[in-house]
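Asker: Next come a sequence and a model predicted from it.
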Amino acid sequence: MNEATIKGSLLLSTLTFVERSSPGGAAARAKQFVHDACDSHVLLPSQWYPRTLLDGIVRMAEGAVPPGRSFSRRELGAFWSQNLLDGTYSTLKKDSPRAMVTTLPLLYSCLFMDLRMTARTEGLGAALFVLEGQGLVSGDLESHLGMTEGAISTTGAVEIQVDPGPPPRPGTLALRLKWGIGEAAASDHIPVRGEPDIAESRERVRRVARQMAFGTVDIVGLATCASELARNIVNYAGEGIIHVEETSRKGGRCIVIRAEDGGAGIPNLEQVLAGGHRSERGMGKGLIAIKRLSDEFDVRTAPVGGTTVEIIKYLRKF
Amino acid sequence: MDNSYAFGTIPIIRMGGVLLVPIQIPPSDSQAKCLLEDVLSTVSRGGARALIVDVSALEIIDSYLTRILYDLLDGSKKLGVEGGIVGIRPTVAITLVQMGLEAVPAKTFLSLDLALSHFEGPR
């Protein structure tokens, strides 16, 4: 796990210890710890102590509150709306409207949508801090992470560290889970030799694009480009290869799709790209479509060297 | 519903006076050729008020598939039978717009119901 790949951090804290701490001390330290350690944070209740924990969290968030005070749904709602990202909050409201209390798995699943979005805005890498007074949530967390598709991959990258420095409260274990989002840059190489490889190219490009957390529309656009590129290889060159790579270029984080073949080249390339040339099977339209679906587009072609088409699509920040 | 039958793997379904062609997976070159011949020969036999092509199962429509749709619907039009396309997904629609391909000569409909009621005629 490479520190350099961590660009942002999120805190998931199950602050069970807060509930039992004396007002002021441990809670304030925990809050400070959160504030110092993270770029942004999200608070989650533990599934084991829903109601009282929420009381404790609210207490921590709003300052000292007389013991025994209970919180109205509106107050809890207000608390959550301040401390959760919008998407998580609206899903929570939809799924647990009565008590504004929910289980960890549900919040994790809402949260992962946000994590994915945050990963896109913050760039690669995230660190999860879990403060847990009772037992370890890491097992649960890992299995939840393991179930998450797309940008968040836990393969070999989950590392559990006990945080250096004094824990927020004696007897409390602060776990720091680190993993990289997309730490192994996605790449694929697809040999194209016949029609079945066209669908294969679509699917494999789609997979890389999804792993990179491109939006749905972009994923469809990229898979369509793959289809066009593969079909051109099949129709005009007979055989070739499509390379897909997650990388960084001058515009930032991007996917690069490069289709190479050893065919006879594209005669009248200029005309084809300008839309003036209509081949029997519509290759011109395919190339123009590819150009329009990508951020950068480059074609090199020669009667002897064959053709290489390279397209780049940048991961957009929100 | 009248009889339905299939040539090859893409069925051509007679349904209340229209021909329904659901394209579930992108056809290969040879399948596309067969499809075009079969559809147009069925259309030419008469008895269909319209040809409806259902693409709701398709997540990707590239220029090749657009060409197939064009051929089907243009061919049908030439035989005097109007056509419609049902079920273009929003992401596909956005991609088609971005690609800037020529429009297929057919009305598009959000659902089969809408398409059928549009083509309703004297029975």
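Answerer: Structure's in. What do you need?

Asker: Write down the beta-bridge partners of the residue nearest the centre of chain B, one by one.
Answerer: The residue lying closest to the centre of chain B (CA atoms, centre = their mean) is B:Val53, at 2.1 Å. Note on B:Val53: beta-bridge partners by DSSP bridges are B:Val21, B:Ile85.

Asker: so it sits right up against B:Asp71, yeah?
Answerer: No. Assessed by CB atoms under 8 Å, B:Val53 is found out of contact with B:Asp71, at 10.9 Å. C-beta: built from backbone N, CA, C; applies to glycine.

Asker: measure whatever residue of chain A ends up closest to chain B to B:Gly100 for me?
Answerer: Using CB to the nearest CB, the closest approach of chain A to chain B is made by A:Ala289 at 3.8 Å. As judged by CB to CB, to the nearest Å, A:Ala289 and B:Gly100 stand 7 Å apart.

Asker: re earlier: verify the stated contact: the residue of chain A closest to chain B with B:Leu101.
Answerer: Yes. Look at A:Ala289 against B:Leu101 with CB under 8 Å: they come within range, at 6.3 Å.

Asker: what do those two both touch?
Answerer: Common contacts of A:Ala289 and B:Leu101 (CB atoms under 8 Å, 6 or more residues apart in numbering or on different chains): B:Ser63.

Asker: the more surrounded of those two?
Answerer: Taking other CB atoms under 10 Å in any protein chain shown, A:Ala289 and B:Leu101 do not tie; A:Ala289 has more neighbours (25 against 21).

Asker: quick revisit: what's the neighbour count on the residue nearest to the residue of chain A closest to chain B when sequence neighbours are not counted?
Answerer: Of all residues beyond its chain neighbours, the one nearest A:Ala289 is B:Met99 (3.8 Å), with distances taken as CB to CB, 6 or more residues apart in numbering or on different chains. B:Met99: 23 surrounding residues under other CB under 10 Å.

Asker: In chain B, what helix or strand scores lowest on average pLDDT?
Answerer: strand B:4-7 (a mean of 41; mean pLDDT, DSSP states H and E).

Asker: Now the helix or strand just after that one - C-alpha only, CSV.
Answerer: Heading C-terminal from strand B:4-7, the first helix or strand you meet, by DSSP states H and E, is strand B:10-15. Taking C-alpha atoms only, strand B:10-15 is exported to CSV below (Å, rounded to 0.1, in the frame of the first residue of the first chain):
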residue,chain,number,x,y,z
ILE,B,10,-33.9,-13.0,-34.3
PRO,B,11,-37.7,-13.5,-34.2
ILE,B,12,-40.1,-11.6,-36.3
ILE,B,13,-43.4,-11.5,-34.4
ARG,B,14,-46.7,-10.8,-35.9
MET,B,15,-48.7,-8.9,-33.4
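
Asker: Please spell out which residues along strand B:10-15 are buried.
Answerer: By 16 or more other CB atoms under 10 Å in any protein chain shown, the buried positions in strand B:10-15 come out as B:10, B:12-14.

Asker: Equivalent analysis for stretch A:290-298, please.
Answerer: So for stretch A:290-298, counting by 16+ other CB under 10 Å, buried means A:290-294, A:297.

Asker: May I have the residues that are in contact with the residue nearest to the centre of chain B?
Answerer: With CB under 8 Å, 6+ apart, B:Val53 has these contacts: B:21-23, B:69, B:72-73, B:83-86, B:106.

Asker: Closest to B:Leu40 out of the residues you listed?
Answerer: Nearest to B:Leu40 among the contacts of B:Val53 is B:Leu72, at 7.9 Å by CB to CB.

Asker: any low-confidence regions in chain B?
Answerer: Residue ranges of chain B with pLDDT under 70: B:1-8, B:121-123.

Asker: so where do the strands sit in it?
Answerer: For chain B, the strands defined by DSSP state E occupy B:4-7, B:10-15, B:18-22, B:50-54, B:82-86, B:107-109.

Asker: Tell me which of those sits most buried.
Answerer: Comparing the strands of chain B by mean neighbour count (mean count of other CB atoms under 10 Å in any protein chain shown), strand B:50-54 ranks first with a mean of 24.

Asker: so how far is that strand from its chain's centroid?
Answerer: In terms of CA atoms, centre = their mean, to the nearest Å, the centre of strand B:50-54 is set 4 Å apart from its chain centre.

Asker: quick one: that strand to strand B:10-15, angle?
Answerer: 130 degrees (axes from the mean of the first three to the mean of the last three CA atoms, to 10 degrees).

Asker: quick check: angle from strand B:50-54 to strand B:18-22?
Answerer: With the same axes, to 10 degrees applied, the angle from strand B:50-54 to strand B:18-22 works out at 20 degrees.

Asker: got a list of what the residue nearest to A:Ile233 when sequence neighbours are not counted touches?
Answerer: With sequence-adjacent residues excluded and distances taken as CB to CB, 6+ apart, A:Ile233 is closest to A:Gly240, at 3.8 Å. The neighbourhood of A:Gly240, defined by CB under 8 Å, 6+ apart, consists of A:191-192, A:233, A:259-263, A:306.

Asker: And A:His243, by the same measure?
Answerer: A:187-190, A:256-260.

Asker: Just the buried ones from those residues?
Answerer: Those of the contacts of A:His243 that meet the buried threshold are A:188, A:190, A:256-260, by 16+ other CB under 10 Å.

Asker: Sort out which one of those residues lies nearest B:Ala93 for me.
Answerer: The closest of these, once distances to B:Ala93 are taken by CB to CB, is A:Ile257, at 22.5 Å.

Asker: Please, which helix or strand holds the closest one?
Answerer: Per DSSP H and E: strand A:252-261 holds A:Ile257.

Asker: And for that strand, what's in contact with it?
Answerer: Against strand A:252-261 from outside (CB under 8 Å, 6+ apart): A:123-124, A:192, A:205, A:208-209, A:212, A:214, A:222, A:225-226, A:229-230, A:232-233, A:236-249, A:295, A:306-315.

Asker: before we move on, what about stretch A:196-212?
Answerer: Under the criterion CB under 8 Å, 6+ apart, residues A:149-151, A:153, A:182, A:186-188, A:190-192, A:218-219, A:222-227, A:229-231, A:234, A:242, A:244, A:246, A:253, A:255, A:257, A:315, B:26, B:60 lie in contact with stretch A:196-212.

Asker: And the residue in chain B positioned nearest to chain A, how close does it get to B:Leu51?
Answerer: Of all residues in chain B, B:Met99 sits closest to chain A, at 3.8 Å by CB to the nearest CB. Going from B:Met99 to B:Leu51 by CB to CB gives 24 Å.

Asker: Buried by neighbour count: which residues of stretch A:308-318 qualify?
Answerer: Judged by neighbour count using 16+ other CB under 10 Å, the buried positions of stretch A:308-318 are A:308-315.
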